[in-house]
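Participant: got a structure for you, letters missing:
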């Protein structure tokens, strides 16, 4: 894939994903624009299906939707609200700990820089970038496993880890696509450009894709 192809590829991906349900994090961001809710929903979404994340987020936010009110909940109450998200016991402890840190170190406000967000225990670069870009509309590129896999499969980058992919994309992806690149590639990767045996015969960008690492396809 040539660097100049990215504009045509993005255009096709955007049209293709309209047929599928919007990812839950996109819904939370669009409906609230609340960095705290985006932060917590992102933590809940890790290794968890969208439907489960959506339901757990709604139950939890009905109980508490600020760092102060969340900290007042017991870990057991948080566990009960977010079950059955993946690793719900660990996530309940992380959420309460993050709320304590927000109140102690940031006056109850979710920080708006990646560096500060990374000081919160349990927050990685994917989550930090998501909060910064979607919660604060500041430049950043959220790279999850879909963005990492697809960018490499296309041949747009040649990297080994999501962190390397983020750095590579910062060097070459047009800035106008930064904030929403993850929003587009997540549903594209979930439904069409799957990890194993992707639907290449149905793919609108197959002419640009180098199919790096693809052994079988449909």
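Facilitator: Great, that's in hand. Computed from a prediction, not measured in an experiment: that's the story for all the values here.

Participant: need the helices for this protein, in chain order.
Facilitator: Taking DSSP state H as the criterion, the chain carries its helices at 6-16, 24-32, 35-45, 50-63, 67-71, 75-82, 88-105, 114-117, 125-130, 136, 145-154, 162-172, 181-191.

Participant: The third one - what's its average pLDDT?
Facilitator: Taken as a whole, helix 35-45 has a mean pLDDT of 94.

Participant: Just the residues contacting it, thanks.
Facilitator: Here helix 35-45 makes contact (Cβ atoms under 8 Å, 6 or more residues apart in numbering) with 24-25, 28-29, 32, 53, 56-57, 60-61, 65-67, 70, 82, 85, 91, 94-95, 98, 102, 110, 112, 117, 122-123, 126-127, 130-131, 134-136. The way it works is simple: take the backbone N, C-alpha and C, and place the C-beta from them, glycine included.

Participant: Which positions in it come out as buried?
Facilitator: Across helix 35-45, burial judged by 16 or more other Cβ atoms under 10 Å covers 35-45.

Participant: Any idea which helix or strand in this structure has the lowest mean pLDDT?
Facilitator: One helix or strand of the chain scores below all others by mean pLDDT, DSSP states H and E: helix 24-32, with a mean of 77.

Participant: Would you mind listing the buried residues in that one?
Facilitator: Per 16+ other Cβ under 10 Å, helix 24-32 contains these buried residues: 24-26, 28-29.

Participant: contacting residues for residue 134?
Facilitator: 25-26, 29, 38, 142, 179.

Participant: Of the residues you listed, which is the nearest to residue 202?
Facilitator: Of all these, residue 202 sits closest to residue 26, with 22.8 Å by Cβ to Cβ.

Participant: so how far is residue 47 from that closest one?
Facilitator: Separation of residue 26 from residue 47 (Cβ to Cβ, to the nearest Å): 18 Å.

Participant: okay, and for the chain, where does confidence drop off?
Facilitator: The chain contains no residues with pLDDT under 70.

Participant: For the nearest residue to residue 174 once chain neighbours are set aside, which residues are in contact?
Facilitator: Excluding its sequence neighbours, the residue lying closest to residue 174 (Cβ to Cβ, 6 or more residues apart in numbering) is residue 6, at 6.9 Å. The neighbours of residue 6, taking Cβ under 8 Å, 6+ apart as the test, are 156, 173-174, 177.

Participant: Can you turn the buried part of those into a PyMOL selection?
Facilitator: Buried members of those, defined by 16+ other Cβ under 10 Å, are picked up in PyMOL with:
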select buried, resi 156+173
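
Participant: can you list the contacts of residue 6 in JSON lines and add distance to residue 216?
Facilitator: Formatted as JSON lines, those follow (distance: Cβ to Cβ, whole Å):
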{"residue": "156", "distance to residue 216": "22"}
{"residue": "173", "distance to residue 216": "29"}
{"residue": "174", "distance to residue 216": "32"}
{"residue": "177", "distance to residue 216": "30"}
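
Participant: who are the neighbours in contact with the closest residue to residue 159 other than its chain neighbours?
Facilitator: Leaving out its chain neighbours, the residue that sits closest to residue 159 by Cβ to Cβ, 6+ apart is residue 165, at 4.5 Å. Taking Cβ under 8 Å, 6+ apart, we find residue 165 in contact with 143, 147-148, 151-152, 157, 159.

Participant: May I see these arranged in a markdown table, with distance to residue 184 and neighbour count as well?
Facilitator: A markdown table is the format used below for the contacts of residue 165 (distance: Cβ to Cβ, whole Å; neighbours: other Cβ atoms under 10 Å):
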| residue | distance to residue 184 | neighbour count |
| --- | --- | --- |
| 143 | 13 | 27 |
| 147 | 9 | 24 |
| 148 | 14 | 24 |
| 151 | 12 | 26 |
| 152 | 16 | 19 |
| 157 | 16 | 22 |
| 159 | 19 | 17 |
